[in-house]
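Student: starting from these lines, generate the structure:
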Amino acid sequence: MPALDPTEVRRYRELFPVTRHWIYLNHAGVGPISRRVAEAVEAYNREALEHGYTRGAAWHKRIEEIRSACAKLIGASASELAFVKNTSHGLSLAARGLNLGEGDEVLIGQLEFPANVYPWMALEKQGVVLKKIPASNGALDLDRLADLMTERTRVLSLSTVAYGTGYRLPLADIGKLCRDLGVFFAVDAIQSLGAFPIDVERDYVDFLSSDAHKWLLGHEGIGIVYVGKAWIDRIEPILLGWNSVVGCLDFDRIDFHLKADAQRFEEGSPNGLSIYGLGGSVELLLEIGIERIAARILGLTEILIAGLQKLDCILQTPLEPRLRSGIVSFRLPGDAGNRRLIQLERHLYENGIYAAIRAGGLRLSPHFYNTEEEMDRVIETIGEGLKR
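Tutor: Numbers count the residues shown, from 1 in each chain. Down below sits the predicted model:
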């Protein structure tokens, strides 16, 4: 697949007016939306304003088109995909719905964002044993993974990319191990979905949860959950409502038969407004091609890594290409308490560069529409800040 050429980058960049004001390097936090997303939401709003629910059938048809697009993004079928509020919502569905009990073991990584910690930690009061895979030099010690698994291990839940260091999992290797051992493999995909390819079949993923507001370039408050068809009947829905059951539109008939697909996990009315926006973002990313986006992002992060090394910054990001992501994180030597790093973050912000401090490092996270010239400007501004 050909790389994104400069003409394409310029054309797609026009869809992101944020570039008029900022060098935006916080897609690992909350990304900006594109014109495609804004126009999709405005169209939905306009119809609701002028026609109300007389457009309901068209809205629901469009929502199903978006469901199919999201499923295509991860190599799943539409029947395996549900819309949720956010990543935490999705992971909680798995944690509570698997009916884990006394002595069952759950493994998570030491580098996890709290969204993939608290849903599992809450199970400890019912006797579930939570174990963490240790990390060193910004990467999980996967050599320890097989040793930590026992006959009581039921779940392995990991982030596809570590939010602080940018370490990207060798997903298929881990998924294959879980499949061979009969361990449920759940992933928090929010730091890679929209930036790097994921194929749930190829990668042996049983369950995936992700919000739209980072690399997917959508809004906060809308996300997707993938439930592999083998698990749809084995995860008990912890939230139930009129939309969970077969014949859900026959409101006068009470007959508790759950839907056969992942839509059983959508208990009530859909968030049509945000789903429309998600459709605009996902279809844009599919139009460009995720493989091309990934190559583009890695090219931009290579510029940042090389520039930071010349400035003698301490990289927290793995340098091996297959373990790198869209996140470049660094610290400063001799910076007790990160006081200089905080000043540097402020210096960048004052010069129109939006980044964030996470996990003890200053995190830079460009997307495909950023430019090489912007990366050079970021390194230049960091150098100026360090001299100050």
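Student: gap between the two ends of stretch 361-376?
Tutor: 20 Å (C-alpha to C-alpha, to the nearest Å).
Student: all further residue positions should be reported with the first residue as 2.
Tutor: That works, and once the first residue is 2, the last one we named lands at stretch 362-377.
Student: buried ones in that stretch, by neighbour count?
Tutor: Neighbour-count burial for stretch 362-377, counted by 16 or more other C-beta atoms under 10 Å, picks out 362-372, 375-376. C-betas here are computed from N, CA, C, even on glycine.
Student: and what of stretch 294-303?
Tutor: By 16+ other C-beta under 10 Å, the buried positions in stretch 294-303 come out as 294, 295, 296, 297, 298, 299, 301, 302, 303.
Student: checking the nearest residue to the fifth one once chain neighbours are set aside next. Helix, strand or coil?
Tutor: Looking back up the chat, that one is residue 298. Spatially, and ignoring its direct neighbours in sequence, residue 298 is nearest to residue 327 (4.6 Å; C-beta to C-beta, 6 or more residues apart in numbering). What DSSP: H, G, I helix; E, B strand; the rest coil gives for residue 327 is coil.
Student: what is the burial count for residue 327?
Tutor: The number of residues packed near residue 327 is 30, by other C-beta atoms under 10 Å.
Student: ok, now which ones touch it?
Tutor: Residues in contact with residue 327, defined by C-beta atoms under 8 Å, 6 or more residues apart in numbering, are 28-29, 162, 167, 192-193, 196-197, 216, 298, 302, 366-368.
Student: just the ones of those in helices?
Tutor: Among the contacts of residue 327, DSSP state H puts 298, 302 in helices.
Student: picking that back up, turn the buried residues of stretch 362-377 into TSV, columns for pLDDT and distance to residue 248.
Tutor: Converted to TSV, these look like this (pLDDT from 0 to 100; distance: C-beta to C-beta, whole Å):
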residue	pLDDT	distance to residue 248
362	95	52
363	97	54
364	98	48
365	98	51
366	98	45
367	98	48
368	98	43
369	98	43
370	98	45
371	98	48
372	98	53
375	98	53
376	98	55
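Student: out of these, which sit inside strands?
Tutor: Counting by DSSP state E, the part of those found in strands is 362, 363, 364, 365.
Student: of all these, which comes closest to residue 78?
Tutor: Lowest distance from residue 78 to those (C-beta to C-beta) belongs to residue 364, with 34.7 Å.
Student: can I assume that closest one is in contact with residue 328?
Tutor: Yes. Contact criterion C-beta atoms under 8 Å: residue 364 and residue 328 qualify, at 5.9 Å.
Student: need the residues touching each of those two.
Tutor: Common neighbours of residue 364 and residue 328 (criterion: C-beta under 8 Å, 6+ apart): 29, 165, 167.
Student: any idea how far the last one is from residue 85?
Tutor: What that stands for is residue 167. Distance of residue 167 to residue 85, computed by C-beta to C-beta, to the nearest Å: 25 Å.
Student: and the helices in this protein?
Tutor: Secondary structure of the chain (DSSP H): helices at 7-14, 36-52, 57-75, 88-98, 119-122, 146-149, 172-182, 273-289, 291-311, 340-351, 373-388.
Student: which one of those lies closest to residue 254?
Tutor: helix 57-75 (19.7 Å).
Student: centre of the chain to that closest one, how far?
Tutor: Mean-position distance between helix 57-75 and its chain equals 19 Å (C-alpha atoms, centre = their mean, to the nearest Å).
Student: with stretch 197-207 instead?
Tutor: Distance, stretch centre to chain centre, for stretch 197-207: 13 Å (C-alpha atoms, centre = their mean).
Student: can you check the distance spanned by it, start to finish?
Tutor: Chord length of stretch 197-207, first to last residue, is 18 Å (C-alpha to C-alpha).
Student: swap in stretch 323-340?
Tutor: Criterion C-alpha to C-alpha; first-to-last residue distance in stretch 323-340 is 32 Å.
Student: give the buried residues for that stretch.
Tutor: Buried-residue list, stretch 323-340, by 16+ other C-beta under 10 Å: 324, 325, 326, 327, 328, 329, 330, 331, 332, 333, 339.
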